[in-house]
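sequence first, then the predicted structure:
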Amino acid sequence: MTTRGGGIEVVRALPHAAALATPSGALIELNQPWRDLCTGADDDVDRFRVLGGVRDEERRTLADGGTPESTEVAHHLEDRPCWLRRTVHPIGPAPSEILILLTDITPEVQLGRRLLSERVIAIDVTPEGALTWASPGWSGLRNRDVAEELGEGWLSDTPEGQVADLRRRLTRRHPFVMERLVTTDDTGRRHVLQASFTRNVLEDGQDLGWLGLLVDLSRIHRLVDVAFMASLDPLTGFHTRPRLEEWVAATVGPLGVIFLDLDQFKSTNDQLGHAAGDIVLRESASRIRSAVRPDDMVGRMGGDEFVVVVEADDVPASLDLVASRIVSAFRRPIVVGDAMVSQSVSLGLASRQEGESVTALLTRADRAMYRAKAIEGSAVSRAPDGSELQVGTRIDLDGFDTTGTIRG
């Protein structure tokens, strides 16, 4: 079966689980990642049904001319829990087909649940603010036995001003109190706690004090920071290659890439040393960052190679604009100690084609970049729509010549 717009080819090429269907719920095509999620199902129709098919609320939204909102759905597949983020994309203004994408978010959900079980602590506090009970997470937070903390001791390492404010608010008998507390454990580590207290009053009016929930924000922030920093190149601050490839694969709209190489960078390393090379890389990253648009993503592919991901309605024009800015940014020499390095760049531009994989897109841009390297000085070359580079492609920007290159 073929579809308008080559929808089947798009589905088969996507790295995430994807299905092509009619708005009424009839399956047209599944890709292999979707099948891998449902290995125990009998056939593709069954695999489509197990993971939701086209849901009733999605049908209603599509019938009204809208786009269904992204949802997160829990499944139980082959005796294991699985959480999927589900996105539905209508194809065309009066769609006869829809694209359904499933992204596995199980690791993120499990991390969140682990954080809750480890770091959300329940406590009971008297109306005056004395601790009477704490869940097991309290000992892990404070590195002390809960028995040592009962009474007034649980606030012993909190600044006096914060303690006075909390006690004053607790004794006013409001139904709900939220406070941010700072405390220090026995190892000297500082913790920032989000503390939420709810008044615990029985139906007969007996006041049992407060039920408190404490969240260790510092722990959550550290985990988020570690995960984020793992996706960044430490020298330039740009995203790593795996993170950039994930970004491109997950982006559905039109985009293009600029594959950038620093010319003669090995000679700089050999003549001035690796420390000087690091200076050139950091300064080059700064210039690239100043040249790209706020929404563009930049990744370091390794060594002296970078990729800029450009999303836009008019991808070729946007690629030309960003490439021109990058070339301009490298017209000034880079100061390295007493030396002045005239750093030129070679750029290869490629617009993503329908159904094209991330690897194929980057390969086309890489080949275009090597074509630009054959020209002395900073130069840009664009990959054509097909698999082969074409000589004679006109790029309508000042400084570009009829061979599809720009000289810096």
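On my side now, so go ahead.

so residue 346 versus residue 12, what's the distance?
Distance of residue 346 to residue 12, computed by C-beta to C-beta, to the nearest Å: 33 Å. Backbone N, C-alpha and C define where each C-beta goes, glycine included.

same question, residue 58
Note on residue 58: its distance to residue 12, by C-beta to C-beta, is 22 Å.

ok, residue 216 next?
Per C-beta to C-beta, residue 216 is found 45 Å from residue 12.

who's more crowded, those two?
Relative neighbour count places residue 216 above the other of residue 216 and residue 12, with 21 against 15, counting by other C-beta atoms under 10 Å.

so the more buried one sits against residue 141, correct?
Yes. Assessed by C-beta atoms under 8 Å, residue 216 is found in contact with residue 141 at 6.1 Å.

contact partners of the lengthiest helix in the chain?
For the chain, the longest helix by residue count, based on DSSP state H, is helix 274-291. Under the contact criterion C-beta atoms under 8 Å, 6 or more residues apart in numbering, helix 274-291 has outside partners 235-238, 260, 262, 265, 268-269, 298, 300, 304, 306, 308, 322, 325-326, 328-330, 334, 336-337, 339, 341, 343, 345.

what comes up buried for the helix or strand that it is followed by?
Under the assignment DSSP states H and E, the closest C-terminal helix or strand after helix 274-291 is strand 297-302. Using 16 or more other C-beta atoms under 10 Å as the burial criterion, the residues of strand 297-302 that qualify are 297-301.

what's the answer for stretch 44-64, then?
Residues of stretch 44-64 classed as buried under the neighbour-count rule (16+ other C-beta under 10 Å) are 44, 47-48, 50-55, 58-59, 61-62.

report the two of these separated the most.
Pairwise distances across the buried residues of stretch 44-64 peak at 24.4 Å for 44 and 61 (criterion: C-beta to C-beta).

low-confidence stretches in this structure?
Within the chain, the ranges that satisfy pLDDT under 70 run 1-6, 78-80, 111-119, 161, 172-175, 202-204, 219-230, 386-408.

distance check, the most centrally placed residue in it against residue 362.
In the chain, the residue lying closest to the centroid (C-alpha atoms, centre = their mean) is residue 247, at 7.0 Å. Look at residue 247 and residue 362: by C-beta to C-beta, they are 12 Å apart.

now do the helices in the stretch 151-300 of the chain.
Here the stretch 151-300 of the chain has its helices, by DSSP state H, counting those that start in this stretch, at 160-170, 217-230, 241-250, 265-272, 274-291.

would you turn the ones you listed into CSV with distance to residue 183?
Converted to CSV, the helices of the stretch 151-300 of the chain look like this (distance: least, C-beta to C-beta, whole Å):
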stretch, distance to residue 183
helix 160-170, 9
helix 217-230, 10
helix 241-250, 35
helix 265-272, 49
helix 274-291, 39
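
which one of those lies closest to residue 367?
Comparing the helices of the stretch 151-300 of the chain by C-beta to C-beta, helix 241-250 comes nearest, at 17.1 Å.

pull the CA atoms of that closest one into PDB?
Extracted C-alpha coordinates of helix 241-250, given in PDB (Å, rounded to 0.1, in the frame of the first residue of the first chain):
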ATOM      1  CA  ARG A 241      27.200  13.700  19.600                       C
ATOM      2  CA  PRO A 242      24.800  11.100  21.000                       C
ATOM      3  CA  ARG A 243      22.600  13.900  22.500                       C
ATOM      4  CA  LEU A 244      22.600  15.800  19.200                       C
ATOM      5  CA  GLU A 245      21.600  12.700  17.200                       C
ATOM      6  CA  GLU A 246      18.800  12.000  19.700                       C
ATOM      7  CA  TRP A 247      17.600  15.500  19.200                       C
ATOM      8  CA  VAL A 248      17.500  15.300  15.400                       C
ATOM      9  CA  ALA A 249      15.800  11.900  15.500                       C
ATOM     10  CA  ALA A 250      13.100  13.200  17.900                       C
END
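
buried residues, that helix. List them.
Applying 16+ other C-beta under 10 Å to helix 241-250 flags 241, 243-249 as buried.

repeat that for stretch 30-37.
30-31, 34, 37.

among those, which are located in helices?
Among these, the members found in helices (DSSP H) are 34, 37.

for the buried residues of stretch 30-37, which one is nearest residue 316?
residue 31 (28.3 Å).

is it true that the closest one touches residue 10?
No. Shown here, residue 31 and residue 10 do not form a contact pair, counting by C-beta under 8 Å, at 9.3 Å.

what do the two both touch?
Common contact partners of residue 31 and residue 10 (C-beta under 8 Å, 6+ apart): residue 18.

surely residue 253 is in contact with residue 311?
Yes. Residue 253 sits in contact with residue 311 when judged by C-beta under 8 Å, with a separation of 6.0 Å.

which one of the two has more residues nearby?
residue 311 (18 against 10).

and the nearest residue to that one once chain neighbours are set aside, what does it touch?
Once flanking residues are discounted, residue 311 sits nearest to residue 255: 4.6 Å by C-beta to C-beta, 6 or more residues apart in numbering. Neighbouring residues of residue 255 by C-beta under 8 Å, 6+ apart: 248, 309-312, 315, 351-352.
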